Structure formats: structure tokens, C-alpha cells
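In: please find the sequence and the predicted model below.
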Amino acid sequence: MVKPAQVTAVKGFHDLLPDESARWRLLEAEAFEILSSYAFEEIRLPIAEKTELFARSIGDATDIVEKEMYTFTDRGGTSITLRPEATASVVRAALEHGLIAPDRERRLFYYGPMFRRERPQKGRFRQFYQIGAEVLGRDDPVVDAEIIVLLRDLLGRVGARGVTIELNSLGDGECRPAYRERLRSFAAVRRERLCDNCQRRLERNPLRILDCKEVRCVEAMAGAPLVLDHLCVPCRDHLATVRRLLDAAGVSATINPHIVRGLDYYCRTAFEITAAGLGSQNAVGGGGRYDELVAALGGPPVAGIGFAIGVERLAMVADALTARSPRPAVVVAPLADDAWATGLTVATALRAAGHRVELAAGRRSLRALMRQADRAGARHVLIIGADELAAGRGTVRDMERKADHPLSVDLGATGGEMAAQITRL
Ligand code: AMP
């Protein structure tokens with residue numbers, strides 16, 4: 001018979017194996033604890049949205065919307081997209097459920113997979129997880145600083161090294177249009193020297209050219225006007241206050257005028273946080289202010305700011321977190337078919353008493369069961385063979401000392417009593 005071929009995972013979609021997912025649990029616990037200490041509440045969102053949501057929020061002229069979305073038409077003819085990021089979904093849900101009001105602050109965080117059809121490489125996947133948070137209803141610079149302090153805290157808590165925080169201002173509806181025009185004129189003169197992508201960006205999203213990593217574009221754009229030099233007074237004051245507050249909080253943030261973020265809806269504060277050990281994809285997280293997004297999605301004029309952290313990257317730099325998936329405390333080994341029912345009852349009773357138990361039944365020899373218990377890393381094995389069944393008392397083998405223990409366990413006892421007898425051995 002021809003052996004059927006194995007099916008492998010989709011390129012860029014990855015599995016998280018048990019030891020890694022144990023580390024992720026620690027990471028998630030740290031992140032959720034910090035977020036809740038900053039008064040964020042969790043929102044759980046669907047992973048698919050109407051395509052229109054992203055086209056309208058992220059912007060047509062962005063790499064994400066142009067090239068990277070997983071979009072399909074469902075059987076009802078609706079165009080649906082696997083979310084490439086979640087800010088738009090948070091705003092959509094907040095509007096849909098009446099969570100936003102102009103005079104009310106709302107802090108929401110989310111956690112889950114995002115989907116972008118990027119070229120996979122180290123630290124870059126097509127399905128990846130983000131932990132992110134959004135503050136809706138605050139336009140003051142204190143919240144910008146607070147969010148950056150939160151990120152610093154989180155990275156510190158998980159042991160990331162070489163953390164840098166880079167900050168920029170993208171201007172607002174007052175000053176950005178004039179700056180965009182200046183930048184467009186500067187780039188237009190150099191059109192022939194730009195890569196194909198940037199030539200396209202030229203008309204629709206010239207700011208993105210500053211973000212391009214192609215050497216020819218970096219060279220062509222050397223000396224380009226920077227938005228920082230063209231901010232209106234309120235934008236300049238906003239940035240100065242964020243910097244002053246960060247200083248006061250002991251956070252060193254450097255200005256990087258090249259942070260433009262990919263998405264159309266950002267204004268004023270934009271930031272990125274990087275850490276050592278990630279190679280060229282070294283951004284662990286980023287975010288910024290989006291004061292016009294809520295209105296652009298049909299809501300009231302409510303300001304917003306948020307961030308997203310890539311969890312794969314966070315896991316790569318989280319040096320303080322080590323975990324193995326937990327080992328069973330006891331392996332229950334019924335040796336004969338007629339001991340299965342007792343084995344199941346005993347395992348259930350031990351589990352109900354809070355113990356991690358593996359039930360190693362099956363028609364196998366004692367030796368094979370012992371090998372299984374050894375591999376599972378359990379400390380004790382509770383053997384229930386024919387003799388034990390007849391006597392109503394199991395035998396306990398101590399795997400560390402490799403010895404059958406003379407004491408035996410009363411199979412009729414409660415889970416708690418049984419566990420106490422076992423661990424007393
Ligand atoms: P963004 O939503 O593009 O601002 O990304 C925020 C963070 O998500 C980045 O700093 C990365 O840590 C992470 N991220 C973005 N895209 C990917 C990807 N394709 N694979 C893994 N992580 C990603």
C-alpha cells in the first residue's frame with residue numbers, strides 16, 4: 001500500500017509546542033497582570049472582519065492592504081479578511097456596543113493571532129500573535145507617556161535586554177498635509193532612483209518612502225524634509241510634553257524621525273520599542289496616536305492611542321522566563337484489563353484532589369509502562385496489578401529511587417488521602 005504523504009502546516013503559520021507554550025503562558029500572565037494594573041480591560045474579538053473595515057482604517061495605500069491581507073469571499077458573497085491587526089476591530093466593536101462616548105475614557109486590551117502575508121523570515125510570520133491595548137477618549141500627552149512606561153515595564157519584567165524606545169511625531173490634520181506635499185515634491189524629483197514600491201507610494205502615501213529599507217531608496221531620500229521640522233505648535237508642544245514626562249518617569253526615549261508607521265490613521269505620537277537578540281526584525285512592539293480613526297469609522301470625534309507587541313518576538317527576548325510544560329505527579333498504571341475501571345476511578349479521584357495524573361493503561365507489560373512513566377517525568381507510579389486489585393491496595397514505585405515502595409496505597413481511599421499516602425512515601 002502506498003503510504004499517504006503527510007500534510008504540513010501552511011508556510012509562515014507555526015505550531016507552538018508544549019515547552020514553548022508553557023513559556024507563553026508565563027508571558028501572557030505577566031502581560032495581563034501589567035495591563036490590568038494600568039486599568040485595561042480585556043476585549044475578545046473575532047479574527048475575521050469585513051474587508052471594508054481594514055480598507056477604511058488602515059488605508060488603501062499601505063503594504064498591508066495592498067499586498068498582505070488574507071481576503072476571501074464567503075458563500076454569502078461578503079468579502080471577509082483575516083485581521084492583519086486589531087486596532088480597527090477594537091474601534092469597530094467599541095462603536096458597535098456603545099463603549100465609546102466623547103467624555104468617557106475607555107481602556108481595552110486584546111490578545112490573539114493576526115494574519116499578514118509577508119515574506120517569512122526569523123521573527124516574521126504570516127500568522128503571529130499580538131498583545132495590544134487601546135485608550136479611547138484621551139488626547140492629552142500624559143497617556144502617551146503612560147503607555148510607553150507600560151511597555152518599558154513589561155519588557156523589563158520579562159527580562160528583555162538592550163531595550164530602546166524610539167519616538168517621533170507624525171503631525172496632525174493641521175500640519176501634515178503641507179508636509180506631505182513637501183515630501184512628495186522632494187521624492188518626485190528622485191522618482192527614477194526609487195524602488196517600484198516607492199514609486200507607487202509617491203502619489204498615495206509618500207511618508208512610507210521614509211520607512212523603506214531598500215538601499216537605493218534610503219540613499220535617494222537622504223536629506224529629505226522631516227515631519228519633525230514641520231510640526232504645528234500644538235503638535236510640537238505635545239511631543240515636548242511626552243518627552244518631559246518620560247524623562248520624569250526615568251524612561252530614555254530617543255527621537256527617530258524615520259518612524260512613520262505603516263498605517264494611515266496615525267497622527268502625532270508614534271513609537272517603536274526594540275530589544276537585543278532579534279536581528280534585523282528587532283521591533284518588539286510599536287504604536288501611536290490615532291485621533292481621527294474613530295470618526296473615520298463613523299463614530300464621534302474621539303481620540304485614541306494604542307500599541308501592539310509581537311508575542312513571538314517578546315518570547316524570543318524574554319530571557320527571564322524559563323518554563324517546561326509541567327510533569328505529572330503520579331502515573332496510575334493498571335496492569336490488567338480488569339484493573340482499568342479501578343485505575344480510572346483512582347486517577348479521577350487524584351485529579352479531583354488537584355494532582356496532575358497520567359493514566360497509563362493499555363495492554364502493555366510492566367516494563368513498557370515504567371518506560372512511559374519515566375518519559376513522562378513522573379515521580380511516582382501507582383501500580384494496580386491483579387494482586388493489588390484483590391487486596392484493594394496499590395503498590396507505589398518511586399521513580400527517582402528506582403524502587404518499589406514497601407508501603408502500599410488503599411485504593412478505596414479518597415483522592416486526597418491517596419495522594420497524601422503516596423507523597424509521604
Ligand atoms: P505593527 O502592527 O506592524 O505595528 O506591529 C507591531 C508588532 O507586531 C511588531 O513590532 C512585531 O513585534 C509584531 N509583528 C508585526 N508583524 C509581524 C510578523 N509578520 N511576524 C511576527 N511579528 C510581527
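Out: Yep, that arrived.
In: spell out which parts of the protein neighbour the ligand.
Out: Residues of the chain found near the ligand (CB under 6 Å from any ligand atom) are 85, 116, 118, 123-125, 128, 130, 283-286, 308, 310, 312-313. Any C-beta I mention is one placed from the backbone N, CA and C, and that applies to glycine too.
In: nearest to the ligand, of these?
Out: G310 (2.2 Å; CB to the nearest ligand atom).
In: just the residues of the chain next to the ligand: which are in strands?
Out: Among the residues of the chain next to the ligand, the members falling in strands (DSSP state E) are F128, Q130, A283, V284, G285, G286, A308, G310.
In: residues contacting the helix or strand hosting R375, please?
Out: According to DSSP states H and E, R375 maps onto helix 366-376. Helix 366-376 has contacts (CB atoms under 8 Å, 6 or more residues apart in numbering) with 327-328, 331, 333, 335, 358, 360, 362, 364, 381, 383, 385, 397, 399.
In: how about A347, secondary structure?
Out: State at A347, reduced to three classes by DSSP: H, G, I helix; E, B strand; the rest coil: helix.
In: quick one: the helices in the stretch 251-400 of the chain?
Out: Assigned by DSSP state H, counting those that start in this stretch, the helices in the stretch 251-400 of the chain fall at 293-296, 311-317, 340-352, 366-376, 386-391.
In: wait, a helix at A31?
Out: Yes. Residue state for A31 (three-state DSSP) corresponds to a helix.
In: contacting residues for the closest residue to it other than its chain neighbours?
Out: Distances taken as CB to CB, 6 or more residues apart in numbering put I131 closest to A31, at 5.0 Å, once the chain neighbours are dropped. By CB under 8 Å, 6+ apart, the contact list for I131 reads E28, A31, L35, F109, Y110, Y111, A308, I309, V311, L314.
In: between these, which is nearest the ligand?
Out: Looking across those and measuring by CB to the nearest ligand atom, the closest to the ligand is A308, at 4.2 Å.
In: is the closest one in a bridge, and if so with what?
Out: In this structure, A308 has the following beta-bridge partners (DSSP bridges): G132, G286.
In: show me the contacts for it.
Out: Contacts of A308 by CB under 8 Å, 6+ apart are E85, A86, T87, Q130, I131, G132, G285, G286, G287.
In: again, 7 Å this time
Out: Taking CB atoms under 7 Å, 6 or more residues apart in numbering, we find A308 in contact with E85, Q130, G132, G285, G286, G287.
In: and what of E134?
Out: Taking CB under 7 Å, 6+ apart, one finds T87, V90, L108, G304, G306 in contact with E134.
In: tell me the phi and psi of T73?
Out: phi -100, psi 120 (degrees, to the nearest 10).
In: no, scratch that, I was asking about D196
Out: phi -60, psi -40.
In: then the one 5 residues further on?
Out: Backbone dihedrals for R201, given as degrees, to the nearest 10, come out at phi -60, psi -30.
In: for the ligand, see how far away it is.
Out: 16 Å (CB to the nearest ligand atom, to the nearest Å).
In: what's the pLDDT at that residue?
Out: In this prediction, R201 carries a pLDDT score of 82.
In: sorry, back to before: neighbour-wise, give me the winner out of the ones in strands among the residues of the chain next to the ligand.
Out: Tallying neighbours with other CB atoms under 10 Å puts V284 at the head of those, with 27 neighbours.
In: doesn't A276 make contact with that one?
Out: No. V284 sits out of contact with A276 when judged by CB atoms under 7 Å, with a separation of 10.3 Å.
In: now stretch 184-191, how far from the centre of its chain.
Out: Stretch 184-191 sits 38 Å away from the centroid of its parent chain (CA atoms, centre = their mean, to the nearest Å).
In: which positions in that stretch come out as buried?
Out: By neighbour count with 16 or more other CB atoms under 10 Å, stretch 184-191 contains the buried residues R184, F186, A187, R190.
In: return the member of those residues nearest to the ligand.
Out: A187 (22.5 Å).
In: just the CA atoms of the helix or strand hosting that closest one, as PDB, please.
Out: If you go by DSSP H and E, A187 is part of helix 176-189. Extracted in PDB, the C-alpha atoms of helix 176-189 (Å, rounded to 0.1, in the frame of the first residue of the first chain):
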ATOM      1  CA  ARG A 176       0.700  67.000   8.000                       C
ATOM      2  CA  PRO A 177      -0.900  67.800   4.600                       C
ATOM      3  CA  ALA A 178       1.600  70.600   3.900                       C
ATOM      4  CA  TYR A 179       4.500  68.400   5.000                       C
ATOM      5  CA  ARG A 180       3.200  65.600   2.800                       C
ATOM      6  CA  GLU A 181       3.300  67.900  -0.200                       C
ATOM      7  CA  ARG A 182       6.900  68.900   0.600                       C
ATOM      8  CA  LEU A 183       7.900  65.300   0.900                       C
ATOM      9  CA  ARG A 184       6.100  64.400  -2.300                       C
ATOM     10  CA  SER A 185       7.900  67.100  -4.200                       C
ATOM     11  CA  PHE A 186      11.300  66.100  -2.800                       C
ATOM     12  CA  ALA A 187      10.600  62.400  -3.700                       C
ATOM     13  CA  ALA A 188       9.100  63.200  -7.100                       C
ATOM     14  CA  VAL A 189      12.400  64.800  -8.300                       C
END
